[in-house]
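Asker: predicted model and sequence follow; I will ask about them next.
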Amino acid sequence: MALSTKPYKGARDFYPEDKRLQQYMFGTWRRVVERFGYEEYDAPILEHLDIYQAKTSEEIVNDQTYSFEDRGGRAVVIRPEMTPTVSRMVAAKRQELAYPLRWYSIPNLWRYERPQRGRLREHWQLNVDLFGVADCSAEVEMISLVDAIFKEFGAPKDSYELRVNHRALVDYLLGEYLGLKPAATRDIRKLIDRLHKMDRSSFIGKVDKILTANERQKGATEQLLAILDAKKLKDLPLQAQKQPAAQELAELLKQLKSAGITNVSFDGTLMRGFDYYNGIVFEVFDTDPGNNRSMLGGGRYDGLVGLFGVPPVPTVGFGWGDVTLMNFLGAHDLLPKLHTTTDVYVVLVGDSSQGAQKVIATLRNGGLNVAVGASNKKIGDQFKIADKKGIENVLIIGKNELEKQRYTLKNLVSGQELELDDKAIVASLKKAAKAKL
RNA sequence: GUGCCUGUAGCUUAGUCGGUUAAAGCGUCGGGUUGUGGUUCCGAAGAUCGGGGGUUCAAGUCCCCUCAGGCACCCCA
């Protein structure tokens, strides 16, 4: 029986052309995030199980992690998300770090689940966190940063939508305003999270099952629907609008507006799955109907660092998956044409290999990326290989060239051929490379 | 974990009511006289039709099982 050539289920091989795209995406992420003053960190892919048990989400920890016992009997997990890890790192150096702390990472994460569109078992995720800012200027920065990344990818404003909500506002509305008990609040919150996947009547049916007869009689169902239908903060009940959480959201929207970010709106149905969020939460949706899941999400989690036995640090962060980003870029025709990093392919004619070494070294010392063809192949074949690899320039080195110390440089795109000495080749190719940028 | 759908050359697919040696495009490889690719022309290789069982004179085609993949749910990036 032959071995399978497929990669592990839900994971991807990255052939050079795939890797090129990945590096484009990661490079764009890095560039913008660093423009906002964020610094890159990293951590091991394995973590202790218990750092997720505290605050992630029950289902992820129990059913969706790759977890095992190591040879020393320790409960180990392949990280399913980065937030607990970075919180652990901050907690470990809680006293010596200079706040606010701006950190980012692009880790690969694993979750054991059935793969489908926009969701694999292994994915890479841009994680950006701002530690030490308690007011909503942190959220303003975070969302501005997200918006700047979209612009850097060339995304038009109508291709994505930012939505915001506030955990404390949700708690107030469900708890104090509607008067629901904590257990019912939690169930309703989970139900709201799935609201857009069902029709209104089945949603109402499920709400009625959670509510007590007394609550239903008092009109809690209708009140809940009215809240969820709110398109703006001003559509909410007056008492709710006076809540600090609502005022914080209003402040956030106001500041984003003056930053020129207008495709952001309040969405009372936005919940987010992780239990650790305690303040403003936000998500970005692709407006293409083919990608109807949230592309990235985040929010405030002030309590997580404190779980490691140090004073808490107010924190806002988000995660953005490479799979959802790739689907987005594809749907909106934003994938760039990417080329090999090799500048020139040397075609050796006959027995010229030894004589060509000096020229090749000169090109490489001059900063060019040079791949060398096999001299036992026919010239036409070497050209074909260069062309297939997408290498734009071919340098022919044979007897004639070595005698004259001038070599034939051919551009495969334009078809133009030049006879130049080694210094002139370096200058010419460097100039061409520069013009491309 | 639950449900639905799909498996035919490396890839994308055609294959009639079950009927002889399973077809095409792309790709790959070779060639169109020995120092020029991409375009073009000629040619070749490449498929036990995912696997196993069954029905039948006859199965790529029908039935069952199984494996793999996709989609949806759950959850989430």
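Answerer: Yep, it's here.

Asker: what strand or helix carries the residue in the stretch 201-350 of chain A that RNA strand B sits nearest to?
Answerer: At 2.0 Å from RNA strand B, A:Gly273 is the closest residue in the stretch 201-350 of chain A, using Cβ to the nearest atom of the strand. (C-beta placed from N, C-alpha, C; glycine too.) Using DSSP states H and E, A:Gly273 sits in no helix or strand.

Asker: hmm, it is touching A:Asp193, no?
Answerer: Yes - the criterion here is Cβ atoms under 8 Å, and A:Gly273 meets it with A:Asp193 at 7.0 Å.

Asker: could you pull out the helices for the stretch 1-150 of chain A?
Answerer: For the stretch 1-150 of chain A, the helices defined by DSSP state H, counting those that start in this stretch cover A:16-35, A:50-53, A:58-63, A:83-92, A:137-152.

Asker: what does the nearest residue to A:Gln22 once chain neighbours are set aside show for phi and psi?
Answerer: Spatial nearest neighbour of A:Gln22, excluding adjacent residues (Cβ to Cβ, 6 or more residues apart in numbering): A:Phe14 at 6.1 Å. Main-chain dihedrals, A:Phe14, degrees, to the nearest 10: phi -120, psi 100.

Asker: how's chain A carved up into domains?
Answerer: Following automatic domain parsing, one gets these domains for chain A: A:16-331, A:344-436.

Asker: give me the average confidence score over the shortest one.
Answerer: Computed over domain A:344-436, the mean pLDDT rounds to 93.

Asker: could you check that domain against RNA strand B for contacts?
Answerer: Yes - Domain A:344-436 comes into contact with RNA strand B (Cβ under 7 Å from any atom of the strand), by way of A:349-350, A:379-381, A:383-384, A:387-388, A:394, A:396, A:398-401, A:408, A:410, A:412-413, A:415, A:417.

Asker: can you flag the buried ones in the residues you listed?
Answerer: A:Val349, A:Ile379, A:Phe383, A:Val394, A:Ile396, A:Gly398, A:Glu401, A:Thr408, A:Lys410 (16 or more other Cβ atoms under 10 Å).

Asker: now do the same for the last one: helix, strand or coil?
Answerer: A:Lys410 carries the three-state label strand when classified by DSSP: H, G, I helix; E, B strand; the rest coil.

Asker: before we move on, what about the fifth one?
Answerer: Local secondary structure at A:Ile396 is given as strand here, using three-state DSSP.

Asker: for it, what are its contacts?
Answerer: A:Val347, A:Val349, A:Ile379, A:Tyr407, A:Thr408, A:Leu409, A:Lys410 (Cβ atoms under 8 Å, 6 or more residues apart in numbering).

Asker: mind running it again at 7 Å?
Answerer: A:Val347, A:Val349, A:Tyr407, A:Thr408, A:Lys410 (Cβ atoms under 7 Å, 6 or more residues apart in numbering).

Asker: so A:His48 bridges to which residues?
Answerer: With DSSP bridges as the criterion, A:His48 is bridged to A:Val76.

Asker: list the residues that contact it.
Answerer: Contacts of A:His48 by Cβ under 7 Å, 6+ apart are A:Arg74, A:Ala75, A:Val76.

Asker: among these, who's most crowded?
Answerer: Neighbour count (other Cβ atoms under 10 Å) singles out A:Val76 as the most crowded of the contacts of A:His48, with 15 neighbours.

Asker: which stretches of the stretch 201-350 of chain A form helices?
Answerer: Using DSSP H, counting those that start in this stretch, the helices assigned to the stretch 201-350 of chain A run over residues A:213-217, A:220-228, A:238-241, A:244-258, A:322-331.

Asker: and among those helices, the most buried is which?
Answerer: helix A:322-331 (a mean of 20; mean count of other Cβ atoms under 10 Å).

Asker: how about that one and RNA strand B, touching?
Answerer: Yes - judged by Cβ under 7 Å from any atom of the strand, helix A:322-331 and RNA strand B are in contact via A:Val323, A:Thr324.

Asker: that helix packs against which elements?
Answerer: helix A:16-35, strand A:122-131, strand A:294-300 (3 or more Cβ pairs under 7 Å, 6 or more residues apart in numbering; DSSP states H and E).

Asker: what would the ones you listed look like in JSON lines with mean neighbour count?
Answerer: Output for these, formatted as JSON lines (neighbours: other Cβ atoms under 10 Å):
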{"stretch": "helix A:16-35", "mean neighbour count": "15"}
{"stretch": "strand A:122-131", "mean neighbour count": "23"}
{"stretch": "strand A:294-300", "mean neighbour count": "23"}
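
Asker: out of these, which gets nearest to A:Tyr99?
Answerer: strand A:122-131 (6.2 Å; Cβ to Cβ).

Asker: quick one: average pLDDT of that closest one?
Answerer: pLDDT averaged over strand A:122-131 gives 96.

Asker: ditto for stretch A:20-38
Answerer: The model assigns stretch A:20-38 a mean pLDDT of 96.

Asker: would that stretch count as contacting RNA strand B?
Answerer: No - using Cβ under 7 Å from any atom of the strand, stretch A:20-38 stays clear of RNA strand B, coming no nearer than 12.8 Å.

Asker: A:Val207 touches A:Leu225, doesn't it?
Answerer: No - using Cβ atoms under 7 Å, A:Val207 is not in contact with A:Leu225; the gap is 8.2 Å.
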